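1. Return atomic coordinates for the entry below.
(2 chains)
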Amino acid sequence: MIVDTVITEDVVSRHGLTQEEYKVIINILGRKPNLNELGIFSVMWSEHCSYKSSKRWLKTLETKASHVIQGPGENAGVIDIGGGIAVVFKIESHNHPSFIDPYQGAATGVGGILRDIFTMGARPIANLNALRFGDPQHSKTRHLLSGVVAGIGGYSNCVGVPTVAGEVNFHPSYNDNILVNTMTVGITTTDRIFYSAAAGPGNPVVYVGAKTGRDGIHGATMASKEFDKNSEDSRPTVQVGDPFTEKLLLEACLELMERECIIAIQDMGAAGLTSASLEMADKGSVGIELDLDRVPVRELRMSTYEIMLSESQERMLMIMRWESVDKAQEIFKKWELDFAIIGSVTETGRLVLKKDGTVQCDIPIRRLVGEAPEYNRPYLPILSPSVIAAADVPAPQFSLGEVLVKLISCPDTASRRWIWEQYDHLVMGCTMIKPGEADSGVIRINDTQRCLAVTVDSTPRYCLADPKIGSAQAVVETWRNIIAVGATPLGVTNNLNFGNPQNPTIMGQMVGCIKGMGEACKALDYPIVSGNVSLYNETNGNAILPTPVVGGVGVIDNCSKIVTSALRNVGDTLLALGQPANRKDGWLGSSLYLREIEGREEGAPPPIDFVAEKQAGNLVRNLIAENTISACHDVSDGGLLVSIAEMALVLKVFGVDIVTPEDILVHAWGFGEDQGRYIVATSSPMKVIEAALSASVPAAVVGVVNKSGMLTLNGEIIITVKELSYQYEKWLPGYMSYKN
Amino acid sequence: MKAAIVIFPGSNRDRDMAVAIRQSFGNYPIIIWHKETEIPKVDLIVIPGGFSYGDHLRSGAISALSPVMRTVEMQARKGVPVLGVCNGFQILTETGILPGILMRNIELKFVCKTIRLKVENSSGIFTAGYTSGQILSLPVAHNDGSYFADNDTLNRLEDRDQVAFRYIRTEGVLFGNPNGSMRDIAGIYNDNKTVLGLMPHPENAIYPFNGKADGQIFFDNLVSSL
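-> Numbers count the residues shown, from 1 in each chain, chains lettered A, B, ... in the order given. The predicted structure follows:
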């Protein structure tokens, strides 16, 4: 690419900019931009980097609380968990690249989010992911699923960060737009957190890590467009990851951070060197001048345009003091990484790029950032569909055992063992609760008795029916997942995945979801500290289901007080907390049951009562802290019977004699998805009932753990745990080996 | 009782190993960077798991050429006990300190799960605390764990009681050979049973909640046998 390329309307639109946006650029520069400048504006003003469609709504979210050290706006959010320890976490999407190249797309997604965490000074201690794939029968689904899982594992396993929790769903709406959202949680001390604001004119700008190549150029712009039939041609815009270099970069950065060397640090992620230098300069209200001839490159004759827009992985930009340079260089030399001084901080407030002795770009930074487009896109509010009465849903044609098998072995609920056995979930030696054992993954903080509980969740079918309730439910479910292992929920990160925001219905989904999420976080004192928005997840006009993914983090002060979902003691009573003892039916609208058994995706999703959620949550947490319960599992997809079955399926040893009130609608009582409920196992049922009574939480005895290994309902055998387990474990490996 | 852990670029279970050793030995091991050519006098040298050099070329192949491995080889010859876990086992076979090689898992996928292991013999220093035939639960986490050697080597290993651990093939989630190792071999000794290489991770099973605590027993045993 040559700088003196004529900027025509076509060049502008190929950069994803509108003519109006182009006019603003001319106004900011006082002249026409050259191609380098156009490229820089293009990525910075892409949806991916500028949040131009979502910003005005994101501002409404609850992001503050006394324990929040850093909310949205930095590389990641930071919360104070007491004792001088800070938890740093964020979730990010790599949807578009993962569809084009599942292995590298997913791998570099993990790499990017890991860097966001250690850029802040934290050592990553847990990875999570939320994945969405198309119809299992779609010809690409196996290929995408196996590539994404291998990519996530390939990267995280090598860097050595355990992948401890996640979720996977399938739906035809993701056939051509899969979702790969990855989350990392790290820890540091509250006095050692690093930010990205550049400071001190004259200070050197230091480039470290891998060399810059021609990969990933314009990745951010690609991720801000709808797909069409030619999208696979954009494979060259997918970055290629090297987890080994990332591991070295991680260790080198953390080693450097122990010395007083770094003034500011920013990873080069989306829009690479461009966004890293601009964001650092803008946050510090300074200018930056770079000499691109000094950037370590791995290919010959790279142009300014290519160097600035490359999304090569495993690179960092730092501002340091001159006197620290030698010390820093020594550390990077030890780790065999590139280290180059490529420019300096200036007082001009401008981004000036020099190459071959000439100025090839000169942009006023404050105006590029401040005048970035922000749209108030028109939206259609989505009205909640009508409520489906339980009595109007016919009883199943099959036996209860057959229904349970169908629900427990359907693609959305079947065992994920095939996936998480490919993730190293044990490295670092602090994994206390592994995948498949409970609602959250739990990791101990090294050298302490404290643990973090981490989880991700989203229920897109609820969000499609009613975005506001659906996204509030996602927040509430992560909250319950954290409570269910005995932890106190502290904060949230979100990943908003939607279709094209220029479609008022899609925009309506996004607005509804942000409102619901905001309300839920506010009601639960559960602030959002970081997040990501991924739009244009649509191909040839077919959008994905609205998928606001919520990642939650909680803390447990004493690692001996954790519980899992596993039924361990014969004779323990199972109680459903939050379940009225005389309830004879349940909420079937938008339920898994309705979809899998009746083939209907309709009806209002279950409503959420935040007051009741808090009462039930506090009760459960207290019961766990007092060692009153031996197992706990929240009730979600598939309702009471699926939840009870899942508890039996952890150890696959004991069964449950389930009891119900008289004259119930079995399918509605058993598979209804009313919110705010937990199943707990206890040897002291009276104590639990009394505690529930005084906490104003309804409670119902729903069963007793037996050693026969049978699931029975009011004395009649439903199925053996062994048979159920066989069905539960068999779907995914069978599917991946083309057996079903 | 003092141990040293050798670290390469890309080692990632070094901290896990150090924590496990500290828990049993009562002190933190010495950390040795791979470019060192000397190792202080210690009772045990450990090569931990990870992806040294990103598994480039072949897992363990590049690390085997690191300066420190000459020293490890010399110390091993002198009889200093050496333990290689996972990537450490791969490095030991690549240097030739242990026979055979670790190949890509038979299913061509990374595998992380808790499995059952049988202690094949209790005559070496790393297995002296067990009885032969004892069954342990330990996790594995690897891409290249399929032990391969020619038949003569395998026969010799068996004849000289150098097979330390085997995977158990029985029905159930916890059972089975997770990687296709020949003769279900999970860990082997050198000739004089002072060097042990094994794929499973005892250092990741040191709390009762974290798998079973069979890993802690492994390190506790070393305190009396070393």
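2. Pull up the residues of the stretch 151-300 of chain A that are close to chain B.
-> Counting by Cβ under 8 Å from any Cβ of the partner chain, the residues of the stretch 151-300 of chain A close to chain B are A:153-154, A:157-160, A:242-245, A:247-248. Glycine gets a C-beta too; all of them are placed from N, C-alpha and C.
3. among those, who's most crowded?
-> When neighbours are taken as other Cβ atoms under 10 Å in any protein chain shown, the top entry among these is A:V159 (30 neighbours).
4. What does A:Y174 show for phi and psi?
-> phi -100, psi 10 (degrees, to the nearest 10).
5. and what of A:Y103?
-> phi -70, psi -60.
6. One more: the one 3 residues further on?
-> In terms of degrees, to the nearest 10, the main-chain angles of A:A106 are phi -70, psi -40.
7. so what pLDDT did the residue lying closest to it once chain neighbours are set aside get?
-> Computed as Cβ to Cβ, 6 or more residues apart in numbering or on different chains, the closest residue to A:A106 that is not its neighbour in sequence is A:G151, at 3.4 Å. pLDDT, the model's per-residue confidence, is 98 for A:G151.
8. Same check on the one 5 residues further on?
-> You'll see A:S156 listed with a pLDDT of 98.
9. One more: the one 5 residues further on?
-> Confidence at A:V161, expressed as pLDDT, is 98.
10. mind checking how far the closest residue to it other than its chain neighbours is from A:T163?
-> Computed as Cβ to Cβ, 6+ apart, the closest residue to A:V161 that is not its neighbour in sequence is A:P124, at 4.6 Å. Distance of A:P124 to A:T163, given as Cβ to Cβ, to the nearest Å: 11 Å.
11. How about the residues of chain A by chain B?
-> Listed as neighbours of chain B in chain A under the rule Cβ under 8 Å from any Cβ: A:150, A:153-154, A:157-160, A:242-245, A:247-248, A:335-336, A:420-429, A:431-433, A:444, A:446, A:559, A:562, A:652, A:729.
12. what sits against the residue nearest to A:A106?
-> A:98, A:102-107, A:109-110 (Cβ atoms under 8 Å, 6 or more residues apart in numbering or on different chains).
13. Same question for A:V110.
-> The neighbours of A:V110, taking Cβ under 8 Å, 6+ apart as the test, are A:127, A:129, A:151-152, A:155-156, A:159, A:182, A:184, A:241.
14. Now do the phi/psi pair for A:L353.
-> Note on A:L353: backbone dihedrals following degrees, to the nearest 10 are phi -120, psi 130.
15. Would you mind naming the helix or strand containing the nearest residue to it once chain neighbours are set aside?
-> Counting by Cβ to Cβ, 6+ apart, A:C361 is the residue found nearest to A:L353 once chain neighbours are left out, at 3.9 Å. Here A:C361, judged by DSSP states H and E, is contained in strand A:358-364.
16. and that strand, C-alpha only, in PDB?
-> The C-alpha atoms that make up strand A:358-364 are tabulated as PDB, following Å, rounded to 0.1, in the frame of the first residue of the first chain:
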ATOM      1  CA  THR A 358       9.300  11.300   6.600                       C
ATOM      2  CA  VAL A 359       6.100  12.000   8.600                       C
ATOM      3  CA  GLN A 360       3.500   9.500   7.400                       C
ATOM      4  CA  CYS A 361       0.700  10.300   9.800                       C
ATOM      5  CA  ASP A 362      -0.200  13.200  12.000                       C
ATOM      6  CA  ILE A 363      -3.500  13.100  13.900                       C
ATOM      7  CA  PRO A 364      -4.800  15.100  16.800                       C
END
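17. Surely A:G109 is in contact with A:H94?
-> Yes. The pair A:G109 and A:H94 qualifies as a contact (Cβ atoms under 8 Å) at a distance of 2.9 Å.
18. Look at A:P124 and A:T163 and report which has more neighbours.
-> Neighbours per residue (other Cβ under 10 Å) separate A:P124 from A:T163, with A:T163 holding more: 31 against 26.
19. Identify the residues contacting residue 197.
-> All of this is about chain A. With contact taken as Cβ under 8 Å, 6+ apart, A:A197 is in contact with A:264, A:280, A:283-284.
20. wait, chain B
-> Contacts of B:G197 (Cβ under 8 Å, 6+ apart): B:83-85, B:88-89, B:92-93, B:98, B:187-188.
21. Would you check how far apart A:D657 and A:S708 are?
-> Going from A:D657 to A:S708 by Cβ to Cβ gives 9 Å.
22. what do you get for A:R192?
-> Relative to A:S708, and taking Cβ to Cβ, A:R192 is found at 55 Å.
23. for B:M69, same thing?
-> Distance from B:M69 to A:S708, by Cβ to Cβ: 56 Å.
24. So if I had to pick from those two, which one is more boxed in?
-> Legend: neighbour count by other Cβ under 10 Å for B:M69 and A:S708, higher for B:M69 (22 against 14).
25. Near chain A, which residues of chain B are found?
-> Counting by Cβ under 8 Å from any Cβ, chain B sits next to chain A at B:9-10, B:12-13, B:15-16, B:19-20, B:49-51, B:53-56, B:109-113, B:139, B:141, B:143, B:173, B:201, B:203-204, B:206-207, B:209-211.
26. Filter those residues down to just the ones in strands.
-> B:111-113, B:139, B:141 (DSSP state E).
27. still on that earlier bit, could you work out the most separated pair of the residues of the stretch 151-300 of chain A next to chain B?
-> Taking Cβ to Cβ as the measure, those span a maximum distance of 19.6 Å, between A:G153 and A:L248.
28. what ranges do the helices span in chain B?
-> Ranges of helices in chain B, per DSSP state H, are B:14-25, B:67-77, B:87-95, B:151-159, B:214-225.
29. Off-centre distance for the third one?
-> Translated: helix B:87-95. 9 Å (Cα atoms, centre = their mean, to the nearest Å).
30. Could you quantify the relative orientation of it and helix B:67-77 as an angle?
-> Angle, helix B:87-95 to helix B:67-77, by axes from the mean of the first three to the mean of the last three Cα atoms, to 10 degrees: 80 degrees.
31. what sits up against helix B:87-95?
-> Under Cβ under 8 Å, 6+ apart, the answer for helix B:87-95 is B:8, B:11, B:13, B:46-52, B:58-61, B:63-64, B:69, B:72-73, B:82, B:84, B:98-102, B:142, B:144, B:187, B:195, B:197-199.
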